[in-house]
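> dropping a prediction and its sequence here:
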Amino acid sequence: MKRILAVDGLSVRAGDNALLRDVSFALAPGEALTLVGQSGAGKSLLAQAIMGNLPDALQAAGTVEVAGVASAAADHHTRRPLWGRQLGLLPQEPWLALDPTMRILAQVEETYRHVRRDGNAANARQRAREALAGLGLQDKAGHYPHQISGGMAQRVAFAAVYAGGAPILIADEPTKGLDRRMRDEVVTLLREALLEGCALLTVTHDLEVAEALGGRLAVIEQGRIVESGATTTVMQAPQHPYTQALLAAQPRNWPAEPAPASGQPLLTAQGLAKAFGRQRLFAGIDLCVHAGERLALTGPSGCGKTTLGNILLGVLKPDAGRVVSHAARPFAFQKLYQDPVAAFPARQTLRQTFADLCRLHRLDPGAAAPLLAELGLDAALLDRLPGEVSGGELQRIAIARILLLKPQLVFADEPTSRLDAITQKQTMAVLLRALERSGAALVLVTHDDALAERVAGRRLAIDTAY
Amino acid sequence: MNAQTLISFGRSLLPVLLRRGGQALAVGVLVGMLSFLMMRWLPGDFAYRIAAGRYGYDLVSAEAAEAVRRELALDAPWYVALAGWWQQLLAFDLGNSLVIGTPVIDEIRHQLGHTLMLAGAALGLSLLIGLPLGVAAGLRPGGWADRLGLLVSVALRAFPPFLLGLLMVIVFAGADLPAAGHGEAANLFLPALTLALGLAAGSSRIVREAIRNVLASEHYAFAQTKGLPLSLAVWRHALRNMALPVVAYLGVQLVFVIEGVVILETLFAWPGIGHALVHAVFWRDVPMIQGTCLMLALCFVLLNALVDLLCLALDPRHR
């Protein structure tokens, strides 16, 4: 088949540091290629290098051929006129990619009017309406981006890109931050584009997305393609050790955790209900957490998992129902946050943060060092600012901070959802071992059913039936 | 603006008007009361100062002061005087000037026009200076225009307006620009420029920040990658978003304008409301002080309300 996109010997460097090395592939119309790898492996740079909008600090080498016209990867000017018409780029975070001050209909309409230019611009508004209706967004045409959900925003962005009629679609982490249901919606959209004859290049760290898209798979480690082939073949019989590690790190492939022994009730809740304004989150929730137990709260984004956890911790008051705590001492219930960077003071070294904590709770200042060692952390990390430590390390430091207070219950709110699969597996293992040693119970909030199943003995699903 | 936008704009109008209306009322009560009390607490003989204002320091005598005291009932207790003023105010009467005897409202009507002219000219000039400097700095953050702009705006902001005004007089003395007076456009130039420099020092940095943020934003990048030509991406997706913080900052700058107007009008003998206020303080012309303060405060609230409405019109997230 005739190829429409070809990349040959593409490299991206930041000074002497090679971020992408010698990447080559070709795509034909209707074909899907998915690139997977850990965060920081240079996947997103590939999308930018093909488009020709790399940051100025990076240098590209190699060639990019679009619809038979080859140009040097470093030549940003040649491919710019192709944006929207030949090369369509689906944004990473659609909520941020839509103009907050413009109605969504206008944001789709302008692609028909100013980009497609097939002599039918007079009907741009009508065509945009039809495109939105085709994605089930007919009621939202007059809304602004802040009035729609993340999944809807992804559909709007898709409509705005798709309207340009580009035969090549590049999707850069299109499911980042979306829950399972919204992720499946995005995958469906991409598959439809494939059926229409688009060539699809997807960059993701989610192997399930790769599996659902089919086609070919390329695995990137440290900027280099280490394995590629048909997606089903690579997934079933991975050859490269890195691919094997990546597959083993998927929660559904984790070994099952033995359920720890549980003891006396630690926390009982009856008839909990909560609403924000007119939006009812949940009602009539009864639950009991026993000492040492592991409970998972699952459900789609926005269903009130975090809110329920905050009520259990006593941070938030329920509208109805009550929570009875059998904690042995104050501060025995602790929370582990989703975004560790936001959970530490940004302009203070971690050592200072730990020292402040020890002073506040009259703890032995020397207690932190052995804890950090147990969690596999170098104590020298504490001399850095939170932003200078990797996400996985910082989450482990957050775990150490909680353990200092000898918790009886840890409420972990999506603690690994921002980490890539391999780091997620490490971090979750560290957390579970630490809780095992201290005998603390775990309430884990997650939208990943496989993760919940592997980690927790008991699951409570909250759905958005209300 | 289509019908839908107008409806949502209209619906969010009422809270703004109610809030600002309430503020206007509270500000009126506080400013009226404070200016009255502060005048009473000033040392010196009230009647003597007013008499001096009427007849001149050379001609004033103890008898003249006594006559003034009787005429204006200045020995009445302070609460009687305050109650009298409130009574007048409720009838929308600002009273007569104690010194020249004419109604305060007529004086203010005359001065307000001059003040608004000065403030308007200063704001206009500050945009002419601040916008291009901010754009130049924002397009290349960290470049020489940015660093120089930061240095100059910190320096300008650190100068109190009266000192800056004096410097301007000295600098422009050789350029044949009048340092005082009114009536000609040239008279307006120096006070307006002095005020505008201070304003531009702030607004150029806000413009710089707004441009930097929009150019780095994902929605501006998306506007381009979806295929819009650069000019359309700027026109449709950058300008309005850049304007948001700049307009919102205008509300903050109004404090600076009001403060600057009082000082610079006095310095450049510009016959506006600030000039009148300073003179009224000097002559203990209490109704005049209360009237001008009240008018300045109400202007402040009104202009802030206008800024609020402008923000509402520009940013759908506030509606």
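Nice, I can see it.
> so what's A:Leu405 up against?
Contact analysis of A:Leu405 by C-beta atoms under 8 Å, 6 or more residues apart in numbering or on different chains lists A:Phe331, A:Ala332, A:Gln334, A:His361, A:Leu363. Glycine gets a C-beta too; all of them are placed from N, C-alpha and C.
> switch to 10 Å and redo it
By C-beta atoms under 10 Å, 6 or more residues apart in numbering or on different chains, the contact set of A:Leu405 is A:Arg329, A:Pro330, A:Phe331, A:Ala332, A:Phe333, A:Gln334, A:Leu357, A:His361, A:Leu363.
> same deal with B:Leu163?
Taking C-beta under 10 Å, 6+ apart as the criterion, B:Leu163 is in contact with B:Thr194, B:Ile263, B:Leu267.
> name the SS class of residue 239, please.
Let's take chain A. Secondary structure, DSSP: H, G, I helix; E, B strand; the rest coil: A:Gln239 is coil.
> low-confidence regions, chain A specifically.
Applying pLDDT under 70 to chain A flags residues A:1, A:39-41, A:119, A:121, A:464-466.
> and the residue of it that's closest to chain B?
Relative to chain B, the nearest point of chain A is A:Gly84 (1.8 Å; C-beta to the nearest C-beta).
> how many neighbouring residues does that residue have?
If you count neighbours by other C-beta atoms under 10 Å in any protein chain shown, A:Gly84 ends up with 25.
> run through the residues that contact it.
A:Gly84 neighbours (C-beta under 10 Å, 6+ apart): A:111, A:114-116, A:160-161, A:163-166, B:223-229.
> in stretch B:234-252, what's buried?
Buried positions in stretch B:234-252, judged by neighbour count with 16 or more other C-beta atoms under 10 Å in any protein chain shown: B:234, B:236-238, B:240-251.
> buried among the contacts of A:Gly84? Make that a ChimeraX selection.
Burial among the contacts of A:Gly84 is assessed by 16+ other C-beta under 10 Å; the matching ChimeraX selection reads:
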select /A:111,114,115,116,160,161,163,164,165,166 /B:223,224,225,226,227,228
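> can you tell me which of the contacts of A:Gly84 are in helices?
Judged by DSSP state H, the subset of these located in helices is A:Ala160, A:Val161, B:Ala223, B:Gln224, B:Thr225.
> closest to A:Leu375 out of the residues you listed?
Comparing those against A:Leu375 with C-beta to C-beta places B:Thr225 closest, at 41.4 Å.
> gap between that closest one and A:Gln48?
10 Å (C-beta to C-beta, to the nearest Å).
> what touches both of these two?
Counting by C-beta under 10 Å, 6+ apart, the residues touching both B:Thr225 and A:Gln48 are A:Leu89, A:Ile170.
> let me see the contact set for the residue nearest to B:Ala248 when sequence neighbours are not counted.
In this structure, B:Ala248 finds its nearest non-sequential neighbour in B:Cys311, 5.7 Å apart by C-beta to C-beta, 6 or more residues apart in numbering or on different chains. Each residue near B:Cys311 by C-beta under 10 Å, 6+ apart is listed here: B:Val16, B:Ala243, B:Leu244, B:Pro245, B:Val247, B:Ala248, B:Leu250, B:Gly251, B:Arg317, B:His318.
> tell me the confidence at the residue lying closest to the second one once chain neighbours are set aside?
Spatial nearest neighbour of B:Ala243, excluding adjacent residues (C-beta to C-beta, 6+ apart): B:Leu314 at 6.0 Å. Among the per-residue scores, B:Leu314 shows a pLDDT of 87.
> do I have it right that B:Leu314 meets B:Leu244?
Yes. Assessed by C-beta atoms under 10 Å, B:Leu314 is found in contact with B:Leu244 at 5.8 Å.
> which neighbours do those two share?
A:Thr101.
> and the stretch 101-250 of chain A, which residues reach chain B?
Those residues of the stretch 101-250 of chain A that sit near chain B, judged by C-beta under 10 Å from any C-beta of the partner chain, are A:101-103, A:106-108, A:110-111, A:113-117, A:142-147, A:157, A:160-166, A:170.
> again, only using 7 Å
With C-beta under 7 Å from any C-beta of the partner chain as the criterion, the stretch 101-250 of chain A meets chain B at residues A:Thr101, A:Glu110, A:Thr111, A:His114, A:Val115, A:Gly142, A:Tyr144, A:His146, A:Ala160, A:Val161, A:Gly164.
> what's the closest of the buried residues of stretch B:234-252 to B:Ser61?
B:Gly251 (50.5 Å).
> where does A:Ser62 land in three-state SS?
Let me fix one detail, which is that residue A:62 is Gly and not Ser. strand.
> residue contacts, it?
Neighbouring residues of A:Gly62 by C-beta atoms under 7 Å, 6 or more residues apart in numbering or on different chains: A:Asp8, A:Gly9, A:Leu10, A:Ser11, A:Ala73.
> A:Ala441 versus that one, what's the distance?
Distance from A:Gly62 to A:Ala441, counting by C-beta to C-beta: 53 Å.
> can you give me every residue that contacts the residue of the stretch 101-250 of chain B found nearest chain A?
Nearest residue of the stretch 101-250 of chain B to chain A (C-beta to the nearest C-beta) works out as B:Gly227 at 1.8 Å. By C-beta under 7 Å, 6+ apart, the contact set of B:Gly227 is A:Trp83, A:Gly84, A:Arg85, A:Thr111, A:Val115, A:Gly164.
> what's the closest non-adjacent residue to the fourth one?
Counting by C-beta to C-beta, 6+ apart, the nearest residue to A:Thr111 once its immediate chain neighbours are dropped is A:Ala163, at 3.8 Å.
> surely the residue nearest to B:Ala243 meets B:Val246?
No. Look at B:Leu314 against B:Val246 with C-beta atoms under 7 Å: they stay out of range, at 9.9 Å.
> can you give me the helices in the stretch 201-350 of chain A?
Counting by DSSP state H, counting those that start in this stretch, the segments of the stretch 201-350 of chain A that form helices are A:207-213, A:231-236, A:241-248, A:305-313, A:350-360.
> these: which one's closest to B:Trp86?
helix A:305-313 (50.7 Å).
> other SSEs contacting that closest one?
Applying 3 or more C-beta pairs under 7 Å, 6 or more residues apart in numbering or on different chains; DSSP states H and E, one finds that helix A:305-313 contacts strand A:265-276, strand A:279-290, strand A:294-298, strand A:409-413, strand A:441-446.
> got the contact list for that helix?
A:267, A:269, A:272, A:274, A:281-282, A:285, A:297, A:299, A:316, A:318, A:323, A:333, A:335, A:411, A:413, A:443, A:445, A:462.
> buried subset of those residues, written for ChimeraX?
Filtering those down to the buried ones (16+ other C-beta under 10 Å) takes a single ChimeraX command:
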select /A:267,269,272,274,281,282,285,297,299,318,323,333,335,411,413,443,445,462
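> just to revisit the earlier point, now the helices of the stretch 201-350 of chain A in a markdown table, with distance to B:Gly138?
Shown next, in a markdown table, are those (distance: least, C-beta to C-beta, whole Å):
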| stretch | distance to B:Gly138 |
| --- | --- |
| helix A:207-213 | 38 |
| helix A:231-236 | 45 |
| helix A:241-248 | 42 |
| helix A:305-313 | 37 |
| helix A:350-360 | 34 |
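> next SSE downstream of the helix or strand where A:Ala18 lies?
For A:Ala18, the host element (DSSP states H and E) is strand A:17-27. Moving toward the C-terminus from strand A:17-27, the next helix or strand (DSSP H and E) is strand A:32-36.
> what's in contact with that next one?
A:25, A:27, A:43, A:46, A:194, A:200-205, A:207, A:210, A:213-220, A:231, A:246.
> again, 8 Å this time
Under C-beta under 8 Å, 6+ apart, the answer for strand A:32-36 is A:25, A:27, A:43, A:46, A:190, A:194, A:199-207, A:209-210, A:213-220, A:231, A:246.
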